[in-house]
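Colleague: Give me a 3D structure for the following:
(one chain, ligands or ions: 1)
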Amino acid sequence: MLRGNRVMRIVWLPGTDLLQGECHCGATHVDEDPAAMWDWLLAHPVGHGGTESVTEERVLATVR
Ligand SMILES: [Zn+2]
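Modeller: Numbers count the residues shown, from 1 in each chain. Now for the predicted structure:
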């Protein structure tokens, strides 16, 4: 699993059809649609208060 302060992560919630995304700032969001999840993650940094470019690593982790 990648580590770092710029990592965004999406994990599948076992026993459900839901995905949980987590931003590097700690914000989380649950959605069943992966595309909607990425839309949220990529739009989310707007709330970080900076004009940082979107260079976060994309991580799709699955629970084994
Ligand atoms: Zn964030």
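Colleague: so which strand or helix has Gly21?
Modeller: Assigned by DSSP states H and E, Gly21 belongs to strand 19-22.
Colleague: who does that strand touch, helix- and strand-wise?
Modeller: On a contact count with 3 or more Cβ pairs under 8 Å, 6 or more residues apart in numbering; DSSP states H and E, strand 19-22 meets strand 7-12, strand 28-31, helix 34-43. All C-beta atoms are positioned from the backbone trio N, CA, C, and that covers glycine.
Colleague: Buried residues of the second one, list them for me.
Modeller: Residues of strand 28-31 classed as buried: His29, Asp31 (neighbour count, 16 or more other Cβ atoms under 10 Å).
Colleague: quick revisit: what's the mean pLDDT across the strand holding Gly21?
Modeller: Average pLDDT, strand 19-22: 93.
Colleague: Quick check: the residue nearest to Asp31 when sequence neighbours are not counted vs Pro14, distance?
Modeller: Distances taken as Cβ to Cβ, 6 or more residues apart in numbering place Met37 nearest to Asp31, at 4.7 Å, with adjacent residues excluded. Using Cβ to Cβ, to the nearest Å, we find Met37 at a distance of 17 Å from Pro14.
Colleague: about what we covered before: and for the residue nearest to Asp31, the neighbour number?
Modeller: Using other Cβ atoms under 10 Å, Met37 has 20 other residues around it.
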